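# One predicted model, sequence on top.
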Amino acid sequence: MDQREFARYEVVDGVAVITLDNPPVNALAPGMREGLMAGVERAAADAAVTAIVVMGAGAHFVAGADVRQFGKVRPVSTRASAAALEACAKPVTAAIDGYALGGGLEHALACHYRIATARARLGVPEIKLGLIPGGGGTQRLPRLVGPELALDLILSGRQLTAAQGLALGLVDTVVDADGYEALRAQAIAYAGQVAAVRPLPRVGERTDRIAAATSDPAFPASLRKAAPAKSLKLLAGRHALACVEAAATATLDEGIALEQALFNELENSDESRALRYAFSAEREAAKLPGAPVDARPDPVRSAAVIGAGTMGSGIAIAFADSGVPVRVLESSAEALERGLQRIRDTYATRVKRGSLSQPAMDECLGRIRGVMQYEDIADCDAVIEAVFERVDIKQEVFARLDQVMKPGALLLTNSSAIDIDVMAAATGRPGDVAGAHFFAPANVMKLCEVVRGPRTSMDTLMRTMKMGRDMGKTCAVAGSCDGFVANRSRTPMMTELMLMLEEGARPEQIDRVMVAFGYPMGPFAVNDISGLDVSYEGRKRRAAANPDYRKLHVPDRLVDMGRKGQKTGAGWYRYERGDRTPHVDPAVEDIIGTVARELGITQRSFSDEEILQRQLFASVNEACRILEEGKAYRGSDVDAMWLHGFGFPRHRGGLMFWADSVGAATIYRQVSQWHEAYGPRWKPSALLAKVAAEGGQLRELRGQAEPA
Ligand code: COA
């Protein structure tokens, strides 16, 4: 593509304005850095130009390097284009609106002046992609704001507002400008004012902040101490520390050379590949094939939640947190009060922990209103039903909603298993019915699985996705089937976990394997927190409905004995009073041994690898079946769901990304062997067999039909 399309050049009142233009966020695509450098060169050579402005077209400066370009050869690096800006003999002013992130901020740091609008957001988020700033950022940032703050910004990846940036010396002034034209005018005026100032203030030449930091005898040990231990567990975190230390002790050129070497190493690391993939997968999941390109779905401006149980309250909080007024409907005053109290308690805990201010809590609570009549929710843009999981109750709710809700209201269900179409059939407007399936706790977990029934309209789907996104959730579409996509693909993993116990694996071994894999906690420790009884009724229901259902005797027996988890002082582990530390309990081993004897299973030992593969291969196979049946759009959507619904370790990319690292052929072979050994539940998916035979990536699979 012609580089001029990315970087417009014009001269106004002796000021050259270079406008970077690559919608939607001006990510640094190939050609942009070249365009920028060409503009700087042209301005430097033009005697009529006394100063230069660099800015972004549209609402943003530059949101960073183009994520899709990592791992590919870049003819010009940010390092080079930033160096060209800093070296320019005429003053360069960065005029920042919206995002100046990563390579965007690095370019701004290489400019001699930085002005920003109030809505500017500044940061170096590379760490979230398993990287460090690679365009001189690790060297210029410490010189501008001091090593300690620079390291904090690099390790946290957090965004600063313009006001914060001003206070820290990251920007020179905050201007009042709304929109491109207004900012351009202000930037030209500012550039004119500084046109004659010499020497040029080059960040790369600043020494004051470094001198102040290194004059402290505790430096650089103090720097290392200030870095959070969890950041230093990651290679990118350790490399960031090394670069910032170099900024304080070496020359700019030496520091930049180190940054380049370490950045290159990270760019090619498995960890960064997985994190970059996760970034793309979650954004891809938001895309609806077949949706009109120019569609602008209406936002949900008012919402209602039916049922004030754990899920209902969590969803209400998620709405209130995102600024949407929400009414919570319950049929009894006691249940309503219990739900509202749960909501108040959740907010109070946040205030106590310091993650929310009292006024912000009051504002959120002010958005939540309890009601007891359907008529009181009739005018809401969307209603989410979160009542007890029984078909007849759900049908009743939907019939009632059909009577009262205004035309065009979204009629949504948080059901985790019931056929959407059964609920749609209870209304005269099946096109308006869809699933909005949240994960517990709904105000914390980021996944909203949008379930499409056979009659759900595209408009409903688009508006539901927008609603979820506006609530800060990652949305992905599932077709209507038992368990939908997220839970359905995870169930086999949970089943194999339990069956491995019968065969001789121990809960503490499985937990250790999964923690080593990257989960913050093992599945049994988590189950002790969520409660063993939660899935107990569901299993009973499934067993009653399906004579072939393989019973999970161990957890059932624990529940029958009153071992429901932490709340009863014992579950998979034993707990001391007032302490959440899990202790291995010989009683559990006895129960497992008894079950194995009763079933005639000879126990054996398991390798860590077998434990991991047996769980995850079962789920990979199921995910392939889901795609085969056309219940999901893409393999990568499964990953977005696992990352945000179940806390799958992000540096592993997701279930399917991890599966690709093992290889479809290896997985297929093993699944086939287990099919022979364990029977029908391991029947290999035809799609898995196909990829194994023909090659390709599981994460790139497309659903074999439109999900519905
Ligand atoms: N490269 C390529 N595309 C990018 C991008 C990047 N660095 N940053 C954002 N985009 C794209 C997204 O893919 C999305 O495209 P789509 O609409 O086709 O899906 C679009 O820009 C909007 O991004 P989105 O994340 O949906 O919007 P947001 O307002 O919620 O968040 C950002 C915007 C910039 C904060 C967020 O996208 C982000 O963190 N980007 C990565 C920034 C980064 O890490 N930069 C450093 C790389 S060196």
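On my side now, so go ahead.

# Model confidence for residue 4, exactly?
Turning to residue 4, the model gives it a pLDDT of 45.

# Would you mind listing where the stretch 401-550 of the chain has pLDDT under the threshold?
Along the stretch 401-550 of the chain, segments meeting pLDDT under 70 are nowhere present.

# can you rerun that using 90?
Scanning the stretch 401-550 of the chain for pLDDT under 90 picks out 416-418, 440, 481-483, 530-531, 533-550.

# got the phi/psi numbers for the residue in the stretch 451-600 of the chain that the ligand sits nearest to?
Closest residue of the stretch 451-600 of the chain to the ligand, C-beta to the nearest ligand atom: residue 469 (8.2 Å). C-beta coordinates here come from the backbone N, C-alpha and C atoms, glycine included. Dihedral pair for residue 469: phi -60, psi -40, per degrees, to the nearest 10.

# Skipping its backbone neighbours, what lies nearest it in space?
residue 475 (5.8 Å; C-beta to C-beta, 6 or more residues apart in numbering).

# Can you point out the helix or strand that includes the one you found?
For residue 475, the host element (DSSP states H and E) is strand 474-479.

# quick revisit: please work out how many residues are found near the residue of the stretch 451-600 of the chain closest to the ligand.
Residue 469 has 16 neighbouring residues, counting by other C-beta atoms under 10 Å.

# Check residue 508 too.
19.

# and what of residue 459?
Neighbours around residue 459, by other C-beta under 10 Å: 17.

# which residues does the closest residue to it other than its chain neighbours contact?
Among residues not flanking residue 459 along the chain, residue 297 sits closest, at 7.1 Å (C-beta to C-beta, 6+ apart). Going by C-beta atoms under 8 Å, 6 or more residues apart in numbering, residue 297 touches 459, 462, 463, 465, 466.

# does residue 297 count as helix, strand or coil?
At residue 297, secondary structure determined by DSSP: H, G, I helix; E, B strand; the rest coil is coil.

# Could you check how far it is from the ligand?
Note on residue 297: its distance to the ligand, by C-beta to the nearest ligand atom, to the nearest Å, is 14 Å.

# That residue and residue 247, how far apart?
Distance, residue 297 to residue 247, using C-beta to C-beta, to the nearest Å: 46 Å.

# so what secondary structure elements neighbour the helix or strand harbouring residue 492?
Take DSSP H and E as the rule and residue 492 turns out to sit in helix 486-503. Contacts defined by 3 or more C-beta pairs under 8 Å, 6 or more residues apart in numbering; DSSP states H and E place helix 486-503 against helix 507-517, helix 523-530, helix 553-560, helix 586-599, helix 608-628, helix 635-645.

# okay, those helices, which one's buried deepest?
helix 635-645 (a mean of 29; mean count of other C-beta atoms under 10 Å).

# can you give me the strands for the stretch 301-450 of the chain?
303-306, 326-329, 368-371, 382-385, 410-413, 433-438, 447-452 (DSSP state E, counting those that start in this stretch).

# What average pLDDT does the third one get?
This points to strand 368-371. Mean predicted confidence for strand 368-371 is 98.

# quick check, the helix or strand containing residue 150 touching the ligand?
Assigned by DSSP H and E, residue 150 belongs to helix 147-156. No - using C-beta under 6 Å from any ligand atom, helix 147-156 stays clear of the ligand, coming no nearer than 11.6 Å.

# Tell me the helix or strand right after that helix.
Heading C-terminal from helix 147-156 (DSSP H and E), you reach strand 160-161.

# how far out from the middle of the chain is that following strand?
20 Å (C-alpha atoms, centre = their mean, to the nearest Å).

# and for it, what are the contacting residues?
By C-beta under 8 Å, 6+ apart, the surrounding residues in contact with strand 160-161 are 118, 120, 121, 122, 123, 153, 168, 170.

# Quick check on these: which are buried?
Buried residues within the contacts of strand 160-161, defined by neighbour count using 16 or more other C-beta atoms under 10 Å: 120, 121, 122, 123, 153, 168, 170.

# just to revisit the earlier point, quick one, the strand holding residue 475 and strand 447-452 angle?
Strand 474-479 and strand 447-452 are oriented at 30 degrees to each other (axes from the mean of the first three to the mean of the last three C-alpha atoms, to 10 degrees).

# Check whether strand 474-479 comes into contact with the ligand.
No - residues of strand 474-479 are not located near the ligand by C-beta under 6 Å from any ligand atom, the shortest gap being 10.2 Å.
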